[in-house]
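1. Could you look at this predicted model? Sequence included:
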Amino acid sequence: METSSTNAQSGAIGILDETIVLEIARFHPEKDTEPSYDSFEVPLRSDWMVLDALNYVKDHLDGSLAYRWSCRMGICGSCGMMVNGVPRLTCETLLTSVAPGPVRIGPLDHFTVVKDLVIEMDEFMGKLQKVRPWIVRKDNYQPKREFIQTPAQLEVFKQYSLCINCMLCYAACPVFGLDPSFTGPAALALAERYNLDSRDQGAAERTDILSQHDGIWDCTVIGECSEVCPKHVDPSMAIQQYKIDATKDWFKTWLMPWGNK
Amino acid sequence: MPQYKVYQPATYRPRMSPYWFFDRWPYLKFMIRETSSVFAAYWAVVMLAQIRSIRHGAWAYARFEHWLSNPLIIILNAVALLFVAFHAVTWFMLVPRVFVRQMTGSGAIPDELAAAPNFGAWIVASIVVGLFLVGAI
Ligand code: SF4
Ligand code: FES
């Protein structure tokens, strides 16, 4: 990993002549029954993110440390971890913002841990699929040309389409922690993203799935999902909006059973 | 020949502590908000009792007032007032999460602005009640 050597070549920039202690959760699936914490002392640099410090540990102190990352710019959504008990993208969290330490770094809360800071993602992927996150048409419509959408129609759902699947919102959600079958913030926001899309006709179909147990009604409006979301998707708002729309639709089907859902 | 496993079955599934809401202030705040609904319900029952005593005449109302002046009830009501105020504030702050998109079609309004009408109505209602109490209305 080139991070530290590149920084070293750039002279004194960012070097603070200080160190910071990271307490990193370790779990070896073949030896351990539960995680423990290892301490590492790393340089404290003003231009380093927490992810840079983890890379330093891996390069110089313990090559067996396992964690995910890729883009280093808050786009791939793979570097989410608990930093001092709060779900954060480590590539966007300045090391100085958590100084003087020690800084506790753990895998995202509520997920199954595969090794050290790596969590199992299959469960989350299944939830994304469950909400049918694609354009559903009732009429088997075969467009001959592009489906025109105005900027105003795009604006209605755009915010909910910015999710990077980092799962921070799940780690912040006690409902998911207590009941892992809860569909959860990002997947429900994604469902609402398609419900609000002017090209989509699948809202009733999705609501049939998501108004069951484990769906929108499990949300108790704690709201931390929206607080920790690095992309300001505001999944809490999406879920509450979904609840209101589902309630309105339910009343409509009672008042006008002949109406087209 | 080395034997490879398709996947690693020995994983660790964390369990949440029963006291999870003490872990972080936002969670504790949520629990206080939920608990405060008990005091909101208590407040409603007291009010119903008050209306009932008015219906039963001056003697019944005097007895109700006597009950209200019990120091224990005063303490209970003071605590209930705190919880009900907390309940009101936290619910008003949820308005941006719940209603903004219903009204505007997109979430373009700042949270403070979305919550402001409720706080405004609360202040006006409190002033009106205050004027009643001092006999100005
Ligand atoms: S909604 Fe936000 S916090 Fe949740 S997965 Fe998407 S980007 Fe991450
Ligand atoms: S490394 Fe891609 S989001 Fe952090």
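-> Great, that's in hand. Ligands and ions are numbered 1, 2, ... in the order given.
2. After the lowest-mean-pLDDT helix or strand in chain B, which helix or strand is next?
-> Ranked by mean pLDDT, DSSP states H and E, the weakest helix or strand in chain B is helix B:100-104, scoring a mean of 61. Counting by DSSP states H and E, the next helix or strand C-terminal to helix B:100-104 is helix B:111-133.
3. burial count for A:Pro191?
-> Let me fix one detail, which is that residue A:191 is Ala and not Pro. Counted with other Cβ atoms under 10 Å in any protein chain shown, the neighbours of A:Ala191 add up to 28. No exception for glycine: its C-beta is placed from N, CA and C like everyone else's.
4. Which element, helix or strand, includes it?
-> Counting by DSSP H and E, A:Ala191 is part of helix A:185-195.
5. and that helix with chain B, contact?
-> No - Helix A:185-195 lies apart from chain B when judged by Cβ under 8 Å from any Cβ of the partner chain; the minimum separation is 9.3 Å.
6. and the gap between the residue lying closest to A:Val136 once chain neighbours are set aside and A:Tyr194?
-> Distance criterion Cβ to Cβ, 6 or more residues apart in numbering or on different chains; nearest residue to A:Val136, sequence neighbours excluded, is A:Gly202 at 2.6 Å. Note on A:Gly202: its distance to A:Tyr194, by Cβ to Cβ, to the nearest Å, is 6 Å.
7. of the two, who's got more company?
-> A:Tyr194 (22 against 19).
8. picking that back up, what's the spacing between the residue nearest to A:Val136 and ligand 2?
-> 29 Å (Cβ to the nearest ligand atom, to the nearest Å).
9. residues contacting that residue?
-> A:Arg132, A:Ile135, A:Val136, A:Arg137, A:Lys138, A:Tyr194, A:Asn195 (Cβ atoms under 8 Å, 6 or more residues apart in numbering or on different chains).
10. Please apply the same query to A:Ile135.
-> Going by Cβ under 8 Å, 6+ apart, A:Ile135 touches A:Tyr194, A:Asp197, A:Arg199, A:Asp200, A:Gly202.
11. let's see it at 7 Å
-> A:Tyr194, A:Asp197, A:Arg199, A:Asp200 (Cβ atoms under 7 Å, 6 or more residues apart in numbering or on different chains).
12. Give me the buried entries from the residues you listed.
-> Among those, those classed as buried by neighbour count (16 or more other Cβ atoms under 10 Å in any protein chain shown) are A:Tyr194, A:Asp197, A:Asp200.
13. surely A:Ile75 meets A:Ile164?
-> Yes - at 6.2 Å, A:Ile75 counts as touching A:Ile164 under the criterion of Cβ atoms under 7 Å.
14. Looking at these two, which is more packed in?
-> Using other Cβ under 10 Å, the more surrounded residue of A:Ile75 and A:Ile164 is A:Ile164, with 19 against 14.
15. By pLDDT, give me the weakest of the contacts of A:Gly202.
-> Within those, the minimum per-residue pLDDT falls on A:Lys138 (82).
16. ok so, going back, by neighbours, which of the contacts of A:Gly202 wins?
-> Top of the contacts of A:Gly202 by neighbour count (other Cβ under 10 Å): A:Asn195, with 25 neighbours.
17. do you know how far it is from chain B?
-> 12 Å (Cβ to the nearest Cβ, to the nearest Å).
18. check contacts around A:Val228.
-> Contacts of A:Val228 by Cβ under 7 Å, 6+ apart are A:Val86, A:Pro87, A:Leu168, A:Cys169, A:Ala172.
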